[in-house]
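*Asks:* kindly generate the corresponding structure for this input.
(4 chains)
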Protein chains: 4
Amino acid sequence: MSGNTFGLLFSVTNFGESHGPAIGCVIDGCPPGMDLSVEDIQPELDRRRPGTSKFVTQRNEADQVEILSGVYEGKTTGTPIALLIRNTDQRSKDYGDILQTFRPGHADYSYWRKYGLRDPRGGGRSSARLTAPTVAAGAVARKWLREKFGIEFRGCMTQIGELEIPFESWEHVPNNPFFAPVADTSALERYMEALRKSGDSCGARLRVTATHVPAGLGEPLYDKLDADIAHAMMGLNAVKGVEIGAGFAAVSDKGSTHGDTLTPEGFVGNKAGGVLGGISTGQDIEVSIAIKPTSSILVPRASIDTAGQATELITKGRHDPCVGIRATPIAEALLALVLMDHALRHRAQCGDVHLSQPAIPGHVA
Amino acid sequence: MSGNTFGLLFSVTNFGESHGPAIGCVIDGCPPGMDLSVEDIQPELDRRRPGTSKFVTQRNEADQVEILSGVYEGKTTGTPIALLIRNTDQRSKDYGDILQTFRPGHADYSYWRKYGLRDPRGGGRSSARLTAPTVAAGAVARKWLREKFGIEFRGCMTQIGELEIPFESWEHVPNNPFFAPVADTSALERYMEALRKSGDSCGARLRVTATHVPAGLGEPLYDKLDADIAHAMMGLNAVKGVEIGAGFAAVSDKGSTHGDTLTPEGFVGNKAGGVLGGISTGQDIEVSIAIKPTSSILVPRASIDTAGQATELITKGRHDPCVGIRATPIAEALLALVLMDHALRHRAQCGDVHLSQPAIPGHVA
Amino acid sequence: MSGNTFGLLFSVTNFGESHGPAIGCVIDGCPPGMDLSVEDIQPELDRRRPGTSKFVTQRNEADQVEILSGVYEGKTTGTPIALLIRNTDQRSKDYGDILQTFRPGHADYSYWRKYGLRDPRGGGRSSARLTAPTVAAGAVARKWLREKFGIEFRGCMTQIGELEIPFESWEHVPNNPFFAPVADTSALERYMEALRKSGDSCGARLRVTATHVPAGLGEPLYDKLDADIAHAMMGLNAVKGVEIGAGFAAVSDKGSTHGDTLTPEGFVGNKAGGVLGGISTGQDIEVSIAIKPTSSILVPRASIDTAGQATELITKGRHDPCVGIRATPIAEALLALVLMDHALRHRAQCGDVHLSQPAIPGHVA
Amino acid sequence: MSGNTFGLLFSVTNFGESHGPAIGCVIDGCPPGMDLSVEDIQPELDRRRPGTSKFVTQRNEADQVEILSGVYEGKTTGTPIALLIRNTDQRSKDYGDILQTFRPGHADYSYWRKYGLRDPRGGGRSSARLTAPTVAAGAVARKWLREKFGIEFRGCMTQIGELEIPFESWEHVPNNPFFAPVADTSALERYMEALRKSGDSCGARLRVTATHVPAGLGEPLYDKLDADIAHAMMGLNAVKGVEIGAGFAAVSDKGSTHGDTLTPEGFVGNKAGGVLGGISTGQDIEVSIAIKPTSSILVPRASIDTAGQATELITKGRHDPCVGIRATPIAEALLALVLMDHALRHRAQCGDVHLSQPAIPGHVA
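*Replies:* Below you'll find the model as predicted:
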């Protein structure tokens, strides 16, 4: 497997290119008997899709998903669920100018070195467009986890460029185009507007959480729950850092204050971010990720071409000035896929009993 | 696989418990015909082993490795290499007091929830002792990568507790017990001495790098090189954060300055940390990790027991006041294992040609 | 992975149902830079497709394949190749009568027990129709193996029902609808005509071979080349037996005559079927498989329904009276997929050198 | 993974060589909380071990197993179970004569071609000695399957050389050194005695069964239960053919009589061998395998050496004149490992419910 399959037991095989005829995925391992229709998946795709505000790429894709298999009379059958999304608004000519030139900070150079060829159309396989099938698969995982355990996933932006965004409430997140947990996003809008006019791009920091996660998920030694979360998140386009719970702040902590105290009423604090020894504790899973600024910008950059000659380039086409904006639903989907896979892995070895049992008295997290 | 195997093609299956008769691993997929003996592995184990200074656990383990298979007349045969390390200084009685009590911040609670039982002897499987087989396997990977590509791995401590450690030179690292890249470690010694006396523990931040990495390693979409590095590092005991290249500093960067400029002489800067689009660029791989303070401390903590009753505990026994100190060789080994696996994965799909070729003219990184 | 992915490194993920909107597969791991178009795949699908003679099912499917991804400007990119085949002639109403009844010898009973539901439309996922994506993927593998090593795959029918078919020549195989290696197939036609009129079905025995296979393919201990061939073949619908080389005839052989003699000019004989110790020797790979008679027949059978009540059933609809007839190109495709996967696995561990080297003098097989 | 791991969820990683210091395996994925001690494993090893009669190799190995990990206070912990068996009676000098010569029908040629080197000591990794860890792991699987479902495994010899062995009763199997289901084995003894005197070897045919297997095990499309059984069996040293249920006899069957009739009381007949569409039906699993004659014999054979020169060789040392004799417990173990893995895979996707439920009324198999 050349890296296009996510998950061991709830496995998602992703295919397609940004400017090819279609993108999609095949989900193998979904439990049978769950109600599933396009309506369960499309809303998550809509949260991620481009063209929804002036702060994201203007490419106009409906991202309409088609279920090709694995569902019969409205229920999953336990066989592979193939999801297809046709590309409808690709404009390959936008990329004519950069056919032979490498964008600084972009994957086109490394893909060329690896595979010995270039697919310049929108980054081909390295495009953020390929996160759409991930989101679609995540929607299926979310549904099962919600119905089985009541797990809920939420994400929000906590910083955009130099602007830190204070956490006010989850309820604000769906009400602005930034997935920001604040009521007033005028400062964010001004910041992004200025950035867009300058032809530049910026980074972002996101927070993603899962609540009502049963204790016991995660497979030490190497496939710890947090290890697999880090794998998922660092594998998301443009991510350069991942934290669980306290993250880098743990470095300057002392052991006497860092470990979350256990009491008969549950944990006090959540510096662990819901994971101890790579296994979920029942606390909320807390993840934070750093997203770098988009490399496709209008500001001219010095670079080289495929012959190794110095040149200068400007990336035209339609691009997100901050890829972090649309990353929130993707990061939620990835977290769901990790938990789904580990729920099935746990069930394989330990059975349903541990997970479905009521929390041990006094250990409600 | 319940998470105890690392790597798809150079796969390391780890076994053992801190206080059982032995620990070890089986390496499957090592290329045949490489010279290999205990002398290639033992030095790395010695860098990691306990009891080497007063700033680490006083448990006295020689960590002598035995090669049980896969080597014939001094050369690897291509068949599994089994490595065995007998435990010799386990003292299970040290744990009598915490048999029924959970250490705040420790895996004993989550293991208990997952498997329905407790192995209190030194944390059983969750002990940092289980990193020894990882280091041993890493030594094999390092050797092959060095002989094949000239890749070298280095690591150092960049922060201990609140103390940031400036980078002076790699040459200082082997000369002090902290893996610190500074000539004068007296401040670190005073800090750790005070900590040890207080019975407390602290966190640490480490940097790990690989040089002379060929371009082209990494398997997008999901098994990107940086994703697998994050998986490896976050899977290391006590790690709470991972950064590649610029890491979280990328959030406040602009696109116009973040992407490393390509010139005919190579890249200018390395904010990418050696990875673009999940594929190595030929630049140095740069990783930074955050390690939390040890949870086994002498300072009394409030907690609960397995019956859910409130109690207080002190962890006696022998523990590292800063697990980050011995983590440097482990993190190097993990980085080596990731690169080894990806080198073989790349070779499977793309053949040896891409990797062994001289760098494309003008693209020397 | 719930069993729908074939191969570790050249991995084919199959999706779809007999009467759903589409079937297909995603190939991950195909080497980059190979010329590939629909014209490379369609001929193999045409060899397998239904409706080509009166001796196979009359379902009329063009089995037109669409390449959705992984190919750019006529060359493979190294990213996933998604292949889509729309179903166009499904008639679900044919199955109305058997909705609640189990066909003796059919998978509908075991699927119902496993997943707790029934997809009666043509057997749903258990239909032989799902071999089409396997054949399509096999065509891609065949092309690479032919270009890289000159490997050729051939198959033929060696027995149909009670009729043994003598081997005359490979050249006859494409000239008759039975894939029979004989010039005169009139006896076979009469046999099948009588069978068809009786509403019954029969079994078949096939032979599949690969020539010009390099020595060294196969991964002992458990993933031996012949083990993986057996896995592939026994996984083909209706197969009940697999032999490599001498097969069951080896039981009454003596060691003094069984082992193929090695001479400076190569092996004498091929009782090994091209595999020793699970590794290819350079001899032809020789496989023989037994295919049971189709369970969907017009002859009335006693059975039970989902309530456990006794009943009788006749399977209407369109079915193959001998599924073995169309199995030849499928078995060839499976053998190609196994060799392709092992070629990549071998290359990962041992490099290209061993495989591309000229045969060691005196060891030409 | 270079083929030394068996099973996806109950995965057994095998290591060691015939004449190295030790052999063994690591089992990952064993459910926690099962009683386990050496006494559960040693009896199965004793059934397989050499030196127990004059009809098997005279190498004297106690095959004493040591549990290195994964068991605490007599119960499995859910972490890896490492099993170690020291080699004690290796005599490498026996192989001095064949260092540079290839035995016809032996793996030494193909191993040399694959890995580019030879380990002549008793066949190194290709030795049947490496089935001991498989048997040990199988004993763990058997215990769990027996306690969970009541599954029992049995095997017997049905043919040795030209001698067919009629089935009289399972009760005779443990009472003779051939695992023959007959009361009077004098004919077998005479046959083997004559063979031994002639310095030759012969093949064998075995039958293996599992009873009380729950319906629903097996993962179509590709990892069908029978496909994985075929993989396991063909992967056993010297096996050249595998049949499920009717096997090759199905070729000449008609559909009207082949499919096992379902009645309210269960199936009538078991031509399916317990598997339909790759999924267990609840009937007994029935497997038959063909084992070729040993290639290490005293009869002189023409061959070549590593320089490609013609030569003649006689294999001294201690060898089984019929490797099929000791294969019965190994084949049982392999069948157990396949069912164990599929039980866990099924539980992951479908939960415990389907498997633990009482058989659906009227569908008792």
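*Asks:* please make it C-alpha for all contacts and neighbour counts, starting now.
*Replies:* Noted.
*Asks:* which pLDDT does the model give residue A:354?
*Replies:* On pLDDT, residue A:354 comes in at 55.
*Asks:* same deal with the one 4 residues further on?
*Replies:* Here the pLDDT value assigned to residue A:358 is 41.
*Asks:* now swap in the one 4 residues further on and tell me
*Replies:* The predicted local distance difference test score for residue A:362 is 37.
*Asks:* need the three-state assignment for the spatially closest residue to residue A:323 that is not a sequence neighbour.
*Replies:* Ranked by Cα to Cα, 6 or more residues apart in numbering or on different chains and with sequence neighbours excluded, the top spatial neighbour of residue A:323 is residue A:294, at 6.2 Å. Assigned by DSSP: H, G, I helix; E, B strand; the rest coil, the conformation of residue A:294 is coil.
*Asks:* give me the distance between residue A:294 and residue A:329.
*Replies:* According to Cα to Cα, to the nearest Å, residue A:294 and residue A:329 sit 18 Å apart.
*Asks:* the two: who's more crowded?
*Replies:* Comparing residue A:294 with residue A:329 by other Cα atoms under 10 Å in any protein chain shown, the one with more neighbours is residue A:329, at 28 against 25.
*Asks:* ok, and the closest non-adjacent residue to that one?
*Replies:* Nearest to residue A:329 is residue A:48, by Cα to Cα, 6+ apart, at 6.0 Å.
*Asks:* what's the neighbour count on that neighbour?
*Replies:* Counted with other Cα under 10 Å, residue A:48 comes out at 20.
*Asks:* strands paired with the helix or strand where residue A:66 lies, and their directions?
*Replies:* Using DSSP states H and E, residue A:66 sits within strand A:65-67. Applying DSSP bridges, strand A:65-67 is found paired with strand A:81-86 (antiparallel).
*Asks:* what pLDDT, on average, does the partner strand get?
*Replies:* On average, strand A:81-86 scores 97.
*Asks:* do stretch A:39-57 as well
*Replies:* pLDDT averaged over stretch A:39-57 gives 88.
*Asks:* and if you look at stretch A:292-303?
*Replies:* Rounded mean pLDDT across stretch A:292-303 is 90.
*Asks:* can you give the contact residues for it?
*Replies:* For stretch A:292-303, the surrounding residues in contact (Cα atoms under 8 Å, 6 or more residues apart in numbering or on different chains) are A:101-106, A:198-204, A:238-240, A:310-316, A:319-324, B:250-251, B:253-256, B:258-259, B:261-263.
*Asks:* starting at the chain centroid, how far to stretch A:103-110?
*Replies:* What separates the centre of stretch A:103-110 from the centre of its chain is 21 Å, taken as Cα atoms, centre = their mean, to the nearest Å.
*Asks:* and that stretch, anywhere near chain C?
*Replies:* No: judged by Cα under 8 Å from any Cα of the partner chain, stretch A:103-110 and chain C are separated, with a smallest distance of 13.0 Å.
*Asks:* span of that stretch from start to end?
*Replies:* 11 Å.
*Asks:* and residue A:323, how close does it get to chain B?
*Replies:* Separation of residue A:323 from chain B (Cα to the nearest Cα, to the nearest Å) stands at 11 Å.
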